[in-house]
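Task: produce atomic coordinates for the following.
(one chain, ligands or ions: 1)
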Amino acid sequence: MENSSATRPGQAAAPKPPPLIEIEHFDFFYGQTQALKDINLSVRQNSVTALIGPSGCGKTTLLRCLNRLNDLTDTARVAGGRILIGGYDIYERDIDVIELRKKVGMVFQKSNPFPKSIYDNIAYGLRIQGIRNRDRLDDTVEKCLRAAALWDEVKDRLNDSALNLSGGQQQRLCIARALAVEPEILLMDEPCSALDPVATSKVEELIHSLRLNYTIVIVTHNMQQAARVSDHTAFFYLGRIVEHNVTEAIFMNPRDPQTEAYVSGRFG
Ligand SMILES: Nc1ncnc2c1ncn2[C@@H]1O[C@H](COP(=O)(O)OP(=O)(O)OP(=O)(O)O)[C@@H](O)[C@H]1O
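Presented below is the predicted three-dimensional model:
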């Protein structure tokens, strides 16, 4: 049978969809200190992009600019450039920041479940949207816990406190909670830094499977982790992106000597 999506000889290939996230000449300050300098980065849908680099080089700052969490910092200021998500400039005046943060979810370094039951942690985001229908809440709780590879471990104790879960389970719960409001993008800020190797590998497997439905940007200090989970890697140094490429190229064949020194462990 003919594959209708195949390109025939002489026929132009279908144009690639534009990147989901496009960062163009982005400059950002805390007070008088410039934390991000002329950042340019494109992120395709359903990919994992790792942000790596030594401490203080701006990785978390960029992550927090992607859902405007930095708006909550008094001294924070965008000084130039723009960030487009789905083609919209997220720093335009008429952008609804609450809607943006639903679309661009975040998972933090230290898991931060609410002091509520496992069920209520996941249902929380829907309830504050006014959704009370029990079947709908039950479905979402199950779907998100399954997506976060946690369902089998907690399905018989959904009413237990989330604070009784292990550290790794709490982090997967936080990922499930982020999924409940149906984001397109998940930002992860060193999500495994507080986890042991077994819990880390579970979260890494989860990141791998989530890329089928989500676009992920992850900050990590762990080079092996960046190499294992990401499709693209951006190396930051002193507020700039020194090099951005497919992950294999960054680790196996970096173009810039600073990238080479960092990924081979000679500085940072
Ligand atoms: N709220 C803030 N106010 C002032 N300066 C800040 C603030 N947050 C971060 N900075 C500064 O901005 C720069 C970038 O910090 P950022 O946290 O983005 O770096 P990072 O690469 O994520 O570091 P790490 O790997 O240690 O988490 C640093 O010099 C830091 O001190």
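
And the strands in the stretch 1-150 of the chain, which stretches?
Taking DSSP state E, counting those that start in this stretch to define them, one finds strands in the stretch 1-150 of the chain at 21-30, 33-43, 48-52, 76-85, 88-89, 104-107.

what about the nearest residue to Glu190 once chain neighbours are set aside, distance to Ala35?
Counting by C-beta to C-beta, 6 or more residues apart in numbering, Gln109 is the residue found nearest to Glu190 once chain neighbours are left out, at 4.3 Å. (Each C-beta comes from the backbone N, C-alpha and C, glycine too.) Per C-beta to C-beta, to the nearest Å, Gln109 is found 18 Å from Ala35.

Which of the two has more residues huddled nearby?
Neighbours per residue, other C-beta atoms under 10 Å: of Gln109 and Ala35, the larger number sits with Ala35, 21 against 15.

Test my guess that that one contacts Phe26.
No: with contact defined as C-beta atoms under 8 Å, Ala35 does not count as touching Phe26 (10.7 Å).

Where does the prediction get shaky in the stretch 51-200 of the chain?
Along the stretch 51-200 of the chain, no part satisfies pLDDT under 70.

How about the residues of it by the ligand?
Applying C-beta under 6 Å from any ligand atom, we find that the stretch 51-200 of the chain lies next to the ligand at Gly53, Ser55, Gly56, Cys57, Gly58, Lys59, Thr60, Thr61, Thr73, Thr75.

what's the residue closest to the geometric middle of this structure?
Taking C-alpha atoms, centre = their mean, the centroid of the chain lies closest to Leu187, which sits 2.2 Å from it.

one step back: quick check on the residues of the stretch 51-200 of the chain next to the ligand: which are buried?
For these, a neighbour count by 16 or more other C-beta atoms under 10 Å gives the buried set as Gly53, Cys57, Gly58, Lys59, Thr60, Thr61.

Inside helices: which ones of the residues you listed?
Lys59, Thr60, Thr61 (DSSP state H).

Export those to a markdown table and append columns for distance to Phe267.
Below are these laid out as a markdown table (distance: C-beta to C-beta, whole Å):
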| residue | distance to Phe267 |
| --- | --- |
| Lys59 | 16 |
| Thr60 | 19 |
| Thr61 | 20 |
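
same for the helix or strand where the residue nearest to the centre of the chain lies, what does it pack against?
Secondary structure assignment for Leu187, by DSSP states H and E: strand 185-189. Where contact means 3 or more C-beta pairs under 8 Å, 6 or more residues apart in numbering; DSSP states H and E, strand 185-189 is packed against helix 59-65, strand 104-107, helix 167-179, strand 215-219.

List the strands paired with the shortest one, with their directions.
In this case it means strand 104-107. When pairs are called by DSSP bridges, strand 104-107 turns out to pair with strand 185-189 (parallel).

So what touches the partner strand?
Under the contact criterion C-beta atoms under 8 Å, 6 or more residues apart in numbering, strand 185-189 has outside partners 20-21, 60, 63-64, 66-67, 85, 103-109, 175, 178-179, 207, 210, 214-219.

Which positions in the helix or strand following it come out as buried?
On the C-terminal side of strand 185-189, the closest following helix or strand by DSSP H and E is helix 197-210. Neighbour-count burial for helix 197-210, counted by 16+ other C-beta under 10 Å, picks out Ala199, Thr200, Lys202, Val203, Glu204, Leu206, Ile207, Leu210.

No further queries at this time; thank you.
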